[in-house]
Every structure is written in C-alpha cells, then in structure tokens.
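Undergrad: Build me a model from this:
(one chain, ligands or ions: 1)
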Amino acid sequence: MDSKFQPLFEPFALRSGVEVKNRVVMAPMTNFSSNPDGTVTDAEVEYYQRRSGGVGLVITACAYVTPNGKGFHGEFGADSDEMIPSLRRLASAIQEKGAKAVLQVFHGGRSCPPELVPGGEVVSASAVPEEKEGAPTPRALQEEEITHIIRAFGESARLAILAGYDGIEIHGANGYLIHQFFSPHANRREDSWGGSLEKRMKFPLAVVDEVQRVVAEHAKEPFVVGYRFSPEEPETPGFTMGDTLELIDKLADKNLDYLHVSLMEFWSQPRRGVEDLTRPRIELITERVAGRVPVIGVGSIHTPDEAVKALQDVPLVALGRELIMEPDWVEKVQAGRTDEIKTTLTKHDQERLVVPDPLWNAIMHAPGWFPVVDAN
Ligand SMILES: Cc1cc2nc3c(=O)[nH]c(=O)nc-3n(C[C@H](O)[C@H](O)[C@H](O)COP(=O)(O)O)c2cc1C
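TA: This next block holds a predicted model:
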C-alpha cells in the first residue's frame, strides 16, 4: 500500500469504548429488499456480507421504530421483540466479516407511502404535505403519540442491544420525522414541540435523551450512539445552515459517539443562513463542534486520495454508492491496487456486485443517481 493512504487505516476509538479498525464507514443505504413482514432477507444479508470485509463500521439501512414510521417498501423493522432474530442475523453477518455493526433507526413521518402504514394514515409534526406531486397530507401527531414515538426510538436501542449490534444511529436527516420536527416547513405546531428554533429542537433532543437513557440501562458492553442530520432544507420556510449549527451545538454536548452529516458532496457549500457562503459546510460544522464529538463526513468520495483529503476535516469518512459499485474498495487500497477501484457500473454487474433485485432495479431506473455506463 502507498504510505499516503496510511491515515485511512489508523484505528479510531469512539467515546463509548468501541474501537473501529479503520476510518472508512459504510454509509446507511436503504435496499428495499426486506420481507413484507419487516424481517431481513437472504439477499440483503449477502449484500452486506460482501461489503463488510474492509470497512471499520457498517451503518445499516434505516429500520422503522413504529409501524406507522415505515417509509419504504422492503424496509426492515426494529419495532418489536419479534424482530430480534432478524436484526441479529444482520448484525452477525456484518460482524463475522470484521466490521462493527450500527443499526440506523428512523420514523418516516410524512414521507411514508400511505399503503405501508396502518390504516393508510400518514403522520407528522403538522398537517403539511411534502412539496411534491401527489404527496399525502399527514395528520398532526398528538402529544401522547409524540411521547410514544420517542419511547419507540428508545425501544429500538434495546432491541439493537439484544440483537448484538455495536451501536445505533438516530436518523435525523433526509426529510424524515426527526428532521420534520426540526423543520419550519413541516412543523407548524404552536405547543411546546414547535414554533421557535428552540422548540423545534425539542423532539430531536428528546429522542437522543431517551435512546441514551435506554442504552445506559441495558447495554452491558460499550454501545455506540450516533446521530445523523441534514445541513439545510431547500424549501421556504426551511431550516438553514445557521439553524443547523444551533442544533449541532446542542447535540455536541450530549456525549454522543459521533455526529454524521448527510451530504451528497463532501465539500459542498451552504445555501443560506451563514455569512460566508463560500466556506464548505463541513468546515462550518467541524468549527462549531470544536472537537466536542467526532464527525463522520460523506458525499461523492470516490478515490482514496479524496478520502485522505477528507480526513483533514473529519476523523471518519463514509462511502455509500462507492461501496455498491466497489465492494472491495478498502481491500484494494490496502493491497496497493487502487487503479482497479471501480467508480462506475454497467447493467450487467448485478450478480458480480451481489446487489438484491429491488435495489438493483432502483439504481437502474433512477437516471443520474449512479454512473451507469455501457459495457465495453
Ligand atoms: C441506495 C441508497 C440508499 C440510501 N438510503 C439511506 C438511508 O437509509 N439512510 C440514510 O441516512 N441515508 C441514505 N442514503 C444516503 C447515503 O447514506 C449517502 O449520504 C449518500 O449516498 C451520499 O454518499 P455517497 O456519495 O458516498 O453515495 C442512501 C443512499 C443511496 C445511494
């Protein structure tokens, strides 16, 4: 291996005591391939195993914490004790290959397809639909339902512990329920859960507190708690980079193991909400965090040179699409075969890459999402 890539292979100890063997993380990616009853499938397990040999940490696809939070067809569940064997299968498959396994948990809120949730009833902070053609208008959650969902996040942590995971990632990003509570677009509440920026932070912070309470009570071994957030929203009203920096400030004092920013481009710049729009978001985030908690960065990091450069800003780098296109990304860097790293795919690669049918079809039918090229 070229010594310039050595920084990628330094181990990293998280606050809880979990040690990650290197700096490369598999980003959480939904694969639409679980059984309709919420249990994981063989195809899904094989897909993870194929990608767990090199990276230090695998963050799973998001799993729903309550039945009315199921946001995708073929999503798996972390909503009841019955799911423990299924959850355990996935954790063991990842760990057998040498990576730590972190379960990402979420509630889809207003983004859930009505056909996936009980009674077709989509819920959110307020009765405001997403800004897209045909989006259902959700029902605003009542106070006791909010409390129930917060508890369900805690319960999912207990299930993750019993299923043998090394940790849990609270999915507060990408427009789902936690994000919706933080959003002035989705959250128009006038009670203690909405209104000012402070009140819009209440739900995300309550979820963190509850998950940490449950982990303190149930975990007998070191157990990671991470939090993923989006930097800003495109809509008006919508939270800005400045708003997110305030949330980060609070999260950074919560003794989390990491904060994980959800970006499509690692060095992208803010849209609004801060004075200097030319500085990359990642710099603004790490500046505000000021060493209080490790940050995981992500977004179009294709080459090991880019990954090493990213490590100047953050201690851990996540790869998403790259690991779908190149399951041996880490191994190839380690073996000095970086010129063999694939950064595209062809329509003939499904079997070779061990990708389940529903994910493969999604990739093939979403132009521009993945670099699909013609076979030579
Ligand atoms: C197929 C696919 C599914 C995804 N599902 C999730 C998900 O379940 N949870 C999540 O937080 N992000 C999800 N993402 C976003 C990725 O974690 C990542 O932030 C994004 O792909 C950018 O990183 P990349 O350029 O390395 O792919 C998904 C991305 C892809 C490509």
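Undergrad: CA atoms for contacts and neighbours, from now on please.
TA: Fine.
Undergrad: May I ask you to name the longest helix in this structure?
TA: The longest helix of the chain (DSSP state H) is helix 143-162.
Undergrad: tell me which parts of the stretch 1-150 of the chain are close to the ligand?
TA: Residues of the stretch 1-150 of the chain found near the ligand (Cα under 6 Å from any ligand atom) are A27, P28, M29, T30, A61, C62.
Undergrad: now with 8 Å?
TA: Within reach of the ligand by Cα under 8 Å from any ligand atom, the stretch 1-150 of the chain has these residues: A27, P28, M29, T30, N31, T60, A61, C62, A63, Q104.
Undergrad: Verify the assumption that the fourth one is located in a helix.
TA: Which is T30. No: with DSSP: H, G, I helix; E, B strand; the rest coil as the criterion, T30 is located in coil rather than a helix.
Undergrad: right, and it touches I59 too?
TA: No: with contact defined as Cα atoms under 8 Å, T30 does not count as touching I59 (10.5 Å).
Undergrad: Looking at these two, which one has more neighbours?
TA: Set T30 next to I59 and count neighbours by other Cα atoms under 10 Å: I59 wins out with 21 against 17.
Undergrad: Quick check: the more buried one is in a strand.
TA: Yes: assigned with three-state DSSP, I59 falls within a strand.
Undergrad: Going forward, count from 45.
TA: OK, 45 is where the count begins now, so the last one is I103.
Undergrad: Tell me which residues touch it, please.
TA: Counting by Cα atoms under 8 Å, 6 or more residues apart in numbering, I103 makes contact with V69, M70, A71, P72, A145, V146, L147, Q148, E213.
Undergrad: Could you export the longest helix of the chain as CSV, keeping only the C-alpha atoms?
TA: Output in CSV follows, covering the C-alpha atoms of helix 187-206 (Å, rounded to 0.1, in the frame of the first residue of the first chain):
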residue,chain,number,x,y,z
GLU,A,187,-48.9,14.9,22.4
GLU,A,188,-49.1,11.3,23.7
GLU,A,189,-48.3,9.9,20.2
ILE,A,190,-45.2,12.0,20.2
THR,A,191,-44.2,10.6,23.5
HIS,A,192,-44.9,7.1,22.2
ILE,A,193,-42.6,7.6,19.2
ILE,A,194,-39.8,8.9,21.4
ARG,A,195,-40.1,5.8,23.6
ALA,A,196,-40.1,3.6,20.4
PHE,A,197,-36.7,5.1,19.5
GLY,A,198,-35.5,4.0,22.9
GLU,A,199,-37.1,0.6,22.4
SER,A,200,-35.3,0.2,19.1
ALA,A,201,-32.0,0.8,21.0
ARG,A,202,-32.9,-2.0,23.4
LEU,A,203,-33.7,-4.3,20.5
ALA,A,204,-30.3,-3.4,18.9
ILE,A,205,-28.5,-4.3,22.1
LEU,A,206,-30.3,-7.6,22.4
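Undergrad: buried residues in that helix?
TA: 190, 193-206 (16 or more other Cα atoms under 10 Å).
Undergrad: following it, which helix or strand comes up?
TA: The first helix or strand that comes after helix 187-206 along the chain, using DSSP states H and E, is strand 211-216.
Undergrad: what's in contact with the next helix or strand after that next one?
TA: Counting by DSSP H and E, the element after strand 211-216 in chain order, helix or strand, is helix 221-226. For helix 221-226, the external contacting residues (Cα under 8 Å, 6+ apart) are 150-154, 168-169, 215-217, 230-231, 237-238, 241, 244-245, 247-248, 273-274, 283.
Undergrad: so of those residues, which ones are in strands?
TA: Using DSSP state E, the subset of the contacts of helix 221-226 located in strands is F150, S168, H215, G216, F273.
Undergrad: What pLDDT is listed against the fourth one?
TA: Among the per-residue scores, G216 holds a pLDDT of 98.
Undergrad: Might you report the residue contacts of it?
TA: Neighbour list for G216: F150, I222, H223, P248, Y271, R272, F273, S274 [criterion: Cα under 8 Å, 6+ apart].
Undergrad: Tell me the spacing between it and F225.
TA: Using Cα to Cα, to the nearest Å, one obtains 9 Å as the distance from G216 to F225.
Undergrad: contacting residues for the residue lying closest to Y220 once chain neighbours are set aside?
TA: Leaving aside its sequence neighbours, Y220 sits nearest to G152 (Cα to Cα, 6 or more residues apart in numbering; 4.7 Å). Going by Cα under 8 Å, 6+ apart, G152 touches Y108, N112, G113, K114, G115, Y220, L221.
Undergrad: Okay, and the beta partners of the first one?
TA: According to DSSP bridges, G121, F150 are recorded as the beta-bridge partners of Y108.
Undergrad: burial count for it?
TA: Other residues near Y108 number 25, with proximity taken as other Cα under 10 Å.
Undergrad: go on, the second one?
TA: A count of neighbours around N112, defined by other Cα under 10 Å, yields 23.
Undergrad: Likewise for the third one?
TA: A total of 28 residues lie near G113 under the criterion other Cα under 10 Å.
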